[in-house]
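Enquirer: Sequence plus predicted model, see below.
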Amino acid sequence: MKINFLEIAQIELDDAIEYYNYEAPGLGDAFLIEVLNALDRISEFPEAWHPCSKRARRCQTRRYPYGIVYQIREQEILVVAVANLHRNPDYWKDRI
């Protein structure tokens, strides 16, 4: 299934990669690989994660405190947020 990002979710991903690369060279690239692995899991098994709202689900990354919040649509998976789970966990709900 095709995966698309809301523009704000893409910005969140880019900002997180930039932050981790600032913290240590290559760490942002490792974060991106972790996110891509999570997206692969979502694409393969989109309904495997529990709903976190009426219309969205969240897949947590394994090594980082981030969750990929997404909606399953007819022809795509829409990433609503790349959410830092140590911050306000429900900030993205007005995007749905």
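Expert: Done, it's in. Numbering: from 1, shown residues only.
Enquirer: Pro65 is in contact with His86, correct?
Expert: Yes: counting by C-beta atoms under 8 Å, His86 touches Pro65, with 5.0 Å between them. For glycine as for every other residue, the C-beta is placed from the backbone atoms N, C-alpha and C.
Enquirer: what pairs with Leu78 across the strands?
Expert: Beta-bridge pairing for Leu78 (DSSP bridges): Asn4, Gln71.
Enquirer: Pull the contacting residues for it.
Expert: Taking C-beta atoms under 8 Å, 6 or more residues apart in numbering, we find Leu78 in contact with Ile3, Asn4, Phe5, Leu6, Tyr70, Gln71.
Enquirer: same check, this time on Trp92
Expert: Per C-beta under 8 Å, 6+ apart, neighbours of Trp92: Val69, Val80, Ala81, Ala83.
Enquirer: So, low pLDDT: which residues of the protein?
Expert: Under the criterion pLDDT under 70, the flagged ranges of the chain are 89.
Enquirer: related to what we said a few turns ago, comparing His86 and Pro65, which shows the higher neighbour count?
Expert: Pro65 (11 against 8; other C-beta atoms under 10 Å).
Enquirer: Quick one: residues contacting the more buried one.
Expert: Per C-beta under 8 Å, 6+ apart, neighbours of Pro65: Asn84, Leu85, His86.
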